[in-house]
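Enquirer: need a structure here:
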Amino acid sequence: MQNQIQLPSLHYKGNVEKKMTLHIFLQIMGKVRLKMTPRKNHWWYITEYIGTTGFTTGPIPYKSSTEQFDITINVKKHQLEVNTSEGHSEHFPLHNSLTVASFYQNLMKMLQKVNISVSIVDVPFDLDIDKPFDEITEYHNYDQDYTHKLWKTMLWTSNVFKEFSGRFYGKTCPVHLYWHSMDLVVTRFSGHEAPPMPADARISDKDAYSHECISFGFWAGDENVPEPAFYSYTFPAPDGLEKETIKPTSAQWIDNNGSPMALLKYKDLVNTDDPREELLSFLESTYLAGAKKANWDIEKLKVPDLKEM
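Expert: Numbering: from 1, shown residues only. Model (predicted):
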């Protein structure tokens, strides 16, 4: 059967600066959401989403929660947009010469223009950049083609993740984009607490991994895995997990800081006859591998077909 899905060709090599520029843009947007949104477990209140026009914060409350606004990187018009429930709409163009510093300054001015006041921690998180956003001029590589391809890939992935998410009765996070690492994620929870993390662990990790979970994601590549890929890991990692069989045959177990992580390279998926089924088989098989080894109640947590109810 011929592949009816035309997924974009996406590469890490040759796009490192483009990816980093977009990553920092998303961090700035995410930090606004972090500062203005009420706390929710596992940092779910700070995440971003893949929308119909691009990468978006989703609704953020303001004016004592009587109003909402959102911030969106519109990849069709290639502009940053701020829209409010009061009817205000502002934007500025995104282009290759726009520095991180200018992006940050323009966004802050735009928010002030629509009467939104916010002060964020104005340095990148976990990116080995130790200067504030308004001094970062070396990254100015917003690329229309790369950004659109990444959004289109994540849009498709988000839809498949949502389909997979609906098969589980237990606690599940929304399909969302973690801006600190720029990966699209969906996570399932067993309902049981995880062993306490070390006292000196980061607060972000303590809250994220307070309970047993199996996480699934997609990211655009990094120095360790220099190509786009899907992944899955179980926390805490049960003994022998890496010996479990996973699908498709191109998927593999790799070491991730001393724990097994399942990996499916995007390039191995994109040209298959049925990418959706291939991705679902990866998600299902890695879930079953982790749930089995961690002694989750698989049948109890499974959503049956309506005909079986």
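Enquirer: going forward, measure contacts between C-alpha atoms and count neighbours the same way
Expert: Will do.
Enquirer: any weak-confidence spans in this structure?
Expert: 1-4 (pLDDT under 70).
Enquirer: repeat that for 90
Expert: 1-6, 197, 204, 271, 305-309 (pLDDT under 90).
Enquirer: Can you classify the residue nearest to W296 when sequence neighbours are not counted by secondary structure?
Expert: Nearest residue to W296 in three dimensions, chain neighbours excluded: S190, at 6.3 Å (C-alpha to C-alpha, 6 or more residues apart in numbering). Following DSSP: H, G, I helix; E, B strand; the rest coil, the label given to S190 is strand.
Enquirer: Can you give me the separation between S190 and L241?
Expert: 16 Å (C-alpha to C-alpha, to the nearest Å).
Enquirer: what does Y62 give?
Expert: For Y62 relative to L241 (C-alpha to C-alpha), the value is 45 Å.
Enquirer: Which of these two has more residues huddled nearby?
Expert: L241 (22 against 18; other C-alpha atoms under 10 Å).
Enquirer: shouldn't that one be in contact with A262?
Expert: No: using C-alpha atoms under 8 Å, L241 is not in contact with A262, being 9.7 Å away.
Enquirer: Next, count neighbours for the residue nearest to W296.
Expert: When neighbours are counted by other C-alpha under 10 Å, S190 comes out with 21.
Enquirer: Hmm, it is touching G170, no?
Expert: Yes: S190 lies in contact with G170 (C-alpha under 8 Å); the separation is 6.8 Å.
Enquirer: Name the residues contacting each of the two.
Expert: With C-alpha atoms under 8 Å, 6 or more residues apart in numbering applied, the contact sets of S190 and G170 do not overlap.
Enquirer: Tell me the secondary structure at P61.
Expert: Going by three-state DSSP: P61 is strand.
Enquirer: Work out for me the element the closest residue to it other than its chain neighbours sits within.
Expert: Among residues not flanking P61 along the chain, Q68 sits closest, at 4.4 Å (C-alpha to C-alpha, 6+ apart). Applying DSSP states H and E as the criterion places Q68 in strand 67-74.
Enquirer: which neighbours does that strand have in its sheet, and in what orientation?
Expert: strand 54-56 (antiparallel), strand 60-62 (antiparallel), strand 79-84 (antiparallel) (DSSP bridges).
Enquirer: And the helices in this protein?
Expert: 16-36, 100-113, 144-165, 203-208, 266-270, 275-293, 298-301 (DSSP state H).
Enquirer: Output the contacting helices and strands for the shortest one.
Expert: Under the contact definition 3 or more C-alpha pairs under 8 Å, 6 or more residues apart in numbering; DSSP states H and E, helix 298-301 sits against helix 275-293.
Enquirer: What is the burial count for A229?
Expert: 20.
Enquirer: no no, S181
Expert: Going by other C-alpha under 10 Å, the residues that sit close to S181 add up to 15.
Enquirer: Report the separation between it and G30.
Expert: From S181 to G30 the distance is 12 Å (C-alpha to C-alpha).
Enquirer: Check L98 too.
Expert: 19 Å.
Enquirer: before we move on, what about N257?
Expert: 26 Å.
Enquirer: and these two? which has more neighbours close in?
Expert: Neighbours per residue, other C-alpha under 10 Å: of N257 and G30, the larger number sits with G30, 23 against 7.
Enquirer: Quick check, the more buried one in contact with L177.
Expert: No: taking contacts as C-alpha under 8 Å, G30 lies outside contact range of L177: 9.7 Å.
Enquirer: Show me whatever sits in contact with both of those two.
Expert: T47, E48.
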